[in-house]
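1. How does the following fold in three dimensions:
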Amino acid sequence: MPEKKTESSGTRLLVIDDDTELCELVTEYLKPEGFEVDAVHDGEHGVERALSGGYALVVLDVMLPGLNGFEVLRRIRAQSGTPVLMLTARGEAVDRIVGLEIGADDYLPKPFNPRELVARIHAILRRTQRRFASADTAQRSPKLMVGDIELDPGARTVCCAGRPVELTGVEFNLLEALLRAAGRLVEREDLSRTVLGRRLMPYDRSVDMHVSNLRKKLGHMIGGHERIKAIRGLGYIYTFPESASDGESRRGEVVDPAQDETL
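-> Prediction:
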């Protein structure tokens, strides 16, 4: 009987974890989904394999012998934008925060339900595939300009007060979603679905951690106001800075370089 084809068929994943039994379990769950899975059990070899190319996603454990998961992630991010899903110890919020700050796309606390791992992987890959599928459209998309922020969807670049800002893929998508709704509340549930590609889970702080990273990189305040204002229990608002010339709230603009004579 021929092997069943899925949308994931031929997609290669790398698992970096020193728990060989867990690697075998993960492989058992992922192979029926059509994934090809390789496993490495130490950080040094993990970095080498991750940077060798050909992997659509890396599943990375924090606790590794020798080179820990954070250092592995730093070395991967220094040379590659390959999506990384980190496995963290349950209850260790600091691990999740550090992982997201370094550039992890998402995290999953151990022990986990293998089906949840599969769901998270699919969510990350869908988000990545949508980004590449919309590349041609993005090239023709106008820039977003709100206050001192200029975001170019085509080039996937961001400037703050004229200076380039390096953002991860998730941070870029989050900022774009907030800018497009500048001045209006965007609920955390909507941000989770739009930016992370999955529903918001109880006690899930991923969106909050990515917002915190944006604040650090862009500056928490602008024009005497919070740049990204949290509405407790609901979500976030990217606020309009006050115009220095007329004192009125400045509305965000979508600027098409072909039509804007001042550029």
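
2. residues in contact with residue 54?
-> residue 12 (CB atoms under 8 Å, 6 or more residues apart in numbering). No exception for glycine: its C-beta is placed from N, CA and C like everyone else's.

3. Can you read off the pLDDT for it?
-> Model confidence at residue 54, given as pLDDT, is 87.

4. Would you mind giving the secondary structure of it?
-> coil (DSSP: H, G, I helix; E, B strand; the rest coil).

5. where's the residue nearest the centre of the chain, which helix or strand?
-> In the chain, the C-alpha nearest the mean C-alpha coordinate belongs to residue 170, at 2.4 Å (CA atoms, centre = their mean). Assigned by DSSP states H and E, residue 170 belongs to helix 169-180.

6. Residues touching that helix, excluding its own?
-> 81, 83, 105-106, 127-128, 131, 144, 146, 149, 151, 153, 156, 158, 167, 186, 191, 194-196, 207, 210-211, 213-214, 217-218, 228, 236-238, 252.

7. Now a PyMOL select for only the buried ones of the residues you listed.
-> With 16 or more other CB atoms under 10 Å as the criterion, this PyMOL line picks the buried residues out of the contacts of helix 169-180:
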select buried, resi 83+105+106+127+128+144+146+149+151+153+158+167+186+191+194+195+196+207+210+211+213+214+218+228+236+237+238+252
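
8. related to what we said a few turns ago, how close does the residue nearest to the centre of the chain sit to residue 177?
-> Noted for residue 170: a distance of 11 Å to residue 177, by CB to CB, to the nearest Å.

9. Also residue 27?
-> Taking CB to CB, one finds residue 27 at 34 Å from residue 177.

10. and if you look at residue 76?
-> 25 Å.

11. More neighbours: these two, which one.
-> residue 76 (22 against 16; other CB atoms under 10 Å).

12. give the contact list for that one.
-> Neighbours of residue 76 in contact, by CB under 8 Å, 6+ apart: 47, 50, 51, 58, 82, 84.

13. show me the contacts for the fifth one.
-> Taking CB under 8 Å, 6+ apart as the criterion, residue 82 is in contact with 50, 55, 56, 57, 58, 76.

14. okay, those in JSON lines with distance to residue 200 next?
-> Converted to JSON lines, the contacts of residue 82 look like this (distance: CB to CB, whole Å):
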{"residue": "50", "distance to residue 200": "29"}
{"residue": "55", "distance to residue 200": "28"}
{"residue": "56", "distance to residue 200": "24"}
{"residue": "57", "distance to residue 200": "21"}
{"residue": "58", "distance to residue 200": "24"}
{"residue": "76", "distance to residue 200": "27"}
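
15. Return the closest of those with respect to residue 92.
-> Nearest to residue 92 out of the contacts of residue 82 is residue 58 (CB to CB; 19.8 Å).

16. coming back round to it: helix or strand next in line after the helix holding residue 170, which one?
-> Next in line after helix 169-180, if elements are assigned by DSSP H and E, sits strand 186-187.

17. what's the helix or strand following that next one in contact with?
-> Downstream of strand 186-187, the first helix or strand assigned by DSSP H and E is helix 188-191. The contact list for helix 188-191 (CB under 8 Å, 6+ apart) reads 174, 177, 199, 200, 207, 208, 234, 235, 236.

18. So which of those belong to strands?
-> 235, 236 (DSSP state E).

19. Helix or strand with the lowest mean pLDDT in this protein?
-> Least confident helix or strand, the chain: strand 253-255 with a mean of 40, by mean pLDDT, DSSP states H and E.
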